[in-house]
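Colleague: below: sequence and its predicted model.
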Amino acid sequence: MRLPVTVKATKPSFLVIWIRYSSAASSPTVSLNPSGRLQQTLAGSVEVKGKSLHSGKFSTVKLNPEIAGAGRFFEFRSRFIPASIEFAQESPLCTTLLKDELKIRTVEHLLSALEAKGVDNCRIQIESESSDDREVEVPIFDGSAKEWVDAIQGVGINAAQNHDGESVEKMVAHVNKPVYVCKNDTFVAAFPALETRITCGIDFPQVPAIGCQWFSWRPIHESSFAKDIASSRTFCVYEEVERMREAGLIKGALSMDG
């Protein structure tokens, strides 16, 4: 069954706990294996600006090439915040990175686009519209990752080199044994496999237009993510809107299409 391009936003707390457990260096659950391909970065810089989902403020993001081994990281207020699970903070209805009392919110669509398009190394400069803000939110655009995918494809990708001008192989995480975690009526499970396949399901019996749906996907070719996943949009049901507004969230949602 094919799932329409609609994805429910959920709290990341249990995912953060699972990833921290499974990615621990001393854990046999996950190992880093050679990928058979070189680390990559952007072929040039690209800048975009837009309104954020929760704060409603505008922010500017500039994606820049980086050397092999640098990884993906944000630059905000002249400080660097790695896009790493070690800096993830539990937050409502978005993924937040926190370091030195600086927060980068709603990073999930941008980071998924960078990962899916093979951008292993990237310096992400981000600026808020207010000079004294201690937190900033990545623009939401239409609620999907499509704008980021388009920006990445527009500037192109090159093999990354280290300080010595050498190419470096990319290492990838491999699950060595089944792991799972549950919270309320939600669960995530990962199993060892020879290929990457993601299966997800949602169930909204109170909304007949959504109902219960399942979707299974694997990256068949380079454009698979752009074609099948990138346009999937964050949504909420009508009954949740007032509750989120009272919590000070989705201030910028009225500007989104659809």
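Modeller: It's in.
Colleague: mind listing what residue 195 touches?
Modeller: residue 218 (CB atoms under 8 Å, 6 or more residues apart in numbering). C-beta here means a position set from N, CA and C on the backbone, and glycine is covered the same way.
Colleague: how about residue 111?
Modeller: Residue 111 neighbours (CB under 8 Å, 6+ apart): 72, 83, 95.
Colleague: for it, give me phi and psi.
Modeller: phi -70, psi -30 (degrees, to the nearest 10).
Colleague: confidence score at it?
Modeller: pLDDT for residue 111: 96.
Colleague: distance check, it against residue 232.
Modeller: 15 Å (CB to CB, to the nearest Å).
Colleague: same thing with residue 219?
Modeller: 15 Å.
Colleague: more crowded one of the two?
Modeller: The neighbour comparison of residue 219 against residue 232 (other CB atoms under 10 Å) goes to residue 232, with 19 against 15.
Colleague: how much space separates the more buried one from residue 84?
Modeller: Taking CB to CB, one finds residue 232 at 24 Å from residue 84.
Colleague: now residue 228
Modeller: On the measure of CB to CB, residue 228 and residue 84 end up 27 Å apart.
Colleague: quick one, which of those two is more surrounded?
Modeller: Legend: neighbour count by other CB under 10 Å for residue 228 and residue 84, higher for residue 228 (17 against 13).
Colleague: quick one, phi psi at the more buried one?
Modeller: Torsion angles, degrees, to the nearest 10, at residue 228: phi -100, psi -30.
Colleague: need the contact list for it.
Modeller: residue 217.
Colleague: please report how far it lies from residue 215.
Modeller: 9 Å.
Colleague: kindly report the same for residue 129.
Modeller: 36 Å.
Colleague: more neighbours: which of those two?
Modeller: residue 215 (19 against 14).
Colleague: pairing partners for the strand or helix carrying the more buried one, with directions?
Modeller: Per DSSP states H and E: residue 215 is located in strand 211-217. Using DSSP bridges, the strands paired with strand 211-217 are strand 198-204 (antiparallel).
Colleague: how far does the partner strand sit from its chain's centre?
Modeller: Chain-centre distance of strand 198-204: 18 Å, with CA atoms, centre = their mean, to the nearest Å.
Colleague: and the pLDDT for the residue nearest to residue 191 when sequence neighbours are not counted?
Modeller: Closest residue to residue 191 apart from its sequence neighbours, by CB to CB, 6 or more residues apart in numbering: residue 178 at 4.9 Å. Looking at residue 178, its pLDDT reads 94.
Colleague: measure residue 178 to residue 245 for me?
Modeller: Taking CB to CB, one finds residue 178 at 40 Å from residue 245.
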